[in-house]
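[1] Take a look and give me a structure for this.
(chains A and B)
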Amino acid sequence: MSLRLYDTMARAKRTFVPIDPARVTMYVCGPTVYNFAHIGNARPVVVFDVLFRLLRHIYGEDHVVYAANVTDVDDKINLKATQEGVPISTITDRYLDAYHADMAALSALRPTFEPRATATMNAIIAMIERLVEGGSAYAAEGHVLFNTQAYRDYGKLSRRSLDDMIAGARVDVAPYKQNPADFVLWKPSKPGEPVWESPFGPGRPGWHIECSAMIEQTLGIPIDIHGGGNDLIFPHHENEMAQGVCAGHRDGYANYWMHNGFLNMGEQKMSKSLGNVQLVHELVKQWPPEALRWALLASHYRQPLAWTDEVIGQARSALDTMYGALGRAEAIEVEPGAPSEAFLEALLDDLNTPKAIAELHALAHRLETGTPAERASAKSEMLANGALLGFLQSPPSTWFQGGADVELTARIEELIAQRVAARTAKDWALADSIRAELTALDVEVMDGPTGATWKLKERA
RNA sequence: GGCCUGAUGGCGGAGUGGUUACGCAGCGGACUGCAAAUCCGUGCACCCGAGUUCGAUUCUCGGUCAGGCCUCCA
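    Presented below is the predicted three-dimensional model:
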């Protein structure tokens, strides 16, 4: 069974064949660091983290190179820096740190490279120069623009023709553009904004060229896989490809284009104006981060995802089941094993995480009911599968009791001990009153044949 | 207006040309002092119309509805 990925260019699943199996390359458009990441930002990070893990499993950890850019030059960053009266680096450092913390909470591995736009300026300028020299870009009024007529296949990825774009143009076209679809590679900075010297005059790069230059510098063009949210297909990825190809990579830019579906707040789009933006930063305080990751992966990455408390709650229930089964199997010693076949096959089929999760449930069930040999293999496979998906790597006690601090834990343990004594004495009234006390502390007791265990019911 | 997705049970969500996963919630039972967890069992769906076919939820066409992109939004 080989890996099959849905390629936006082909609008079909294609068998994945890397250019060089010893160095598989993947690039995903990363954050613009001007604010905390919201849960919608986290979806592609988690989705492509799963792909990263899967590729490492297939080709070996040292044979997959994953780059995600950090856009640290941007109008919104400039605005925020001006408002706070600080240099842009104060803003970008602050939110990049927060971004890293949030994504780590969601168990996303760090990409191999995280190039920053401000540290890639030479490569960006060099690429623009090549485009100008090659005749596919032109200078106009302090700007440098890409000439979309220079790339015959412009519109191929997003399946729109230049004629359609002109006909459907809703915005006023800047007068210095030769074609309405032409886009900015370099533009003059406004007074007070960060500025870089270049052969085209002082200014700063456009967004699209950043990604192309970073890919060329960190991974080399063409790359195997290029990912991002499906809102980036046009114009961002279309433009990236046009630039990349015209800058000397006639053989191609990216061999597989992958795009995740959008995350919505229930029926509505998440937006500032609706006031329904949920920051990862806040969500991880209200829910176990692993439940957030589970909720993100419980539906297929290309489907739209309606993000609700119920979806997160169901994810937490599922993890209760998983960790419950593992907790009852702690006595079973297992060697680190390989992922189960059904699980792997699900992921190999264009990252079918819902199906892979169903396999996790099947294993949990076998872990509860199987023969000793079946239980051992089920536990081993659950842990291996979990590692591939970024789940189940904590001790079960941490999952159930991790929200309690030392003091609370001691108090709970004391009550539990009292209750065990009461039950031994068959003093049911006392046992029930202690349970009521524990319930008030948001603790659920589970009596077992060898004593009692407990878990925290809610967070926040 | 152009382009592109999607429509599956009470909810979430896979998949398939012929017996429709899995989870949550529900119901009955086992276990339990009572619970919880777990286990056993169980009811419930493939947007509408036409076509292809022995047979369509699955393929084709049309329609309806919903969403996205066409403004440096993941």
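
[2] Determine the three-state secondary structure at residue A:224.
    Classification of residue A:224 by DSSP: H, G, I helix; E, B strand; the rest coil places it in strand.

[3] What count of nearby residues applies to it?
    Neighbours of residue A:224 under the rule other CB atoms under 10 Å: 23. C-beta coordinates here come from the backbone N, C-alpha and C atoms, glycine included.

[4] So what's the residue count around residue A:362?
    By other CB under 10 Å, 16 other residues sit near residue A:362.

[5] what helix or strand is it on?
    Per DSSP states H and E: residue A:362 is located in helix A:353-369.

[6] ok, which residues in the stretch 351-460 of chain A are in contact with RNA strand B?
    Neighbours of RNA strand B within the stretch 351-460 of chain A, by CB under 7 Å from any atom of the strand: A:352, A:354-355, A:357-358, A:361-362, A:364-365, A:368-369, A:423, A:428, A:431-432, A:435, A:444-448.

[7] Give me the buried subset of those residues.
    A:352, A:357, A:362, A:364, A:423, A:431, A:435, A:445 (16 or more other CB atoms under 10 Å).

[8] Am I right that the second one is in contact with residue A:296?
    No. Here residue A:357 lies out of contact with residue A:296, judged by CB atoms under 8 Å, at a distance of 11.4 Å.

[9] residues from the stretch 1-150 of chain A in reach of RNA strand B?
    A:11, A:29, A:31, A:32, A:40, A:41, A:43, A:44, A:74, A:75.

[10] now the residues you listed as TSV including neighbour count?
    Formatted as TSV, these follow (neighbours: other CB atoms under 10 Å):
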residue	neighbour count
A:11	8
A:29	22
A:31	25
A:32	20
A:40	22
A:41	21
A:43	20
A:44	25
A:74	19
A:75	13
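
[11] quick one: which of the residues you listed is nearest to RNA strand B?
    residue A:40 (2.6 Å; CB to the nearest atom of the strand).

[12] from the stretch 201-350 of chain A, which residue is nearest to RNA strand B?
    Taking CB to the nearest atom of the strand, the stretch 201-350 of chain A has residue A:229 as its residue nearest RNA strand B, at 1.6 Å.

[13] residues near that residue, how many?
    With other CB under 10 Å as criterion, residue A:229 counts 19.

[14] Likewise for residue A:256?
    Neighbours around residue A:256, by other CB under 10 Å: 20.

[15] could you say what helices and strands the host helix or strand of it packs with?
    Counting by DSSP H and E, the element that carries residue A:256 is strand A:254-260. Contact here means 3 or more CB pairs under 8 Å, 6 or more residues apart in numbering; DSSP states H and E; on that basis strand A:254-260 packs against strand A:4-7, helix A:39-59, strand A:223-229.

[16] Look at residue A:460 and report its pLDDT.
    We have a pLDDT of 39 for residue A:460.

[17] Up against RNA strand B, what does the stretch 201-350 of chain A have?
    Counting by CB under 7 Å from any atom of the strand, the stretch 201-350 of chain A sits next to RNA strand B at A:206-207, A:228-236, A:260-264, A:267, A:269-271, A:298-300, A:302-306, A:310-311, A:313-314, A:317-318, A:320-321, A:324-325, A:349-350.

[18] how much space between residue A:213 and residue A:316?
    42 Å (CB to CB, to the nearest Å).

[19] Neighbour count for the two, which is higher?
    residue A:213 (27 against 19).

[20] Quick one: list the elements packing against the helix or strand hosting the more buried one.
    Take DSSP H and E as the rule and residue A:213 turns out to sit in helix A:207-218. Contacts defined by 3+ CB pairs under 8 Å, 6+ apart place helix A:207-218 against strand A:24-28, strand A:64-68, helix A:121-133, strand A:183-187, helix A:238-246.
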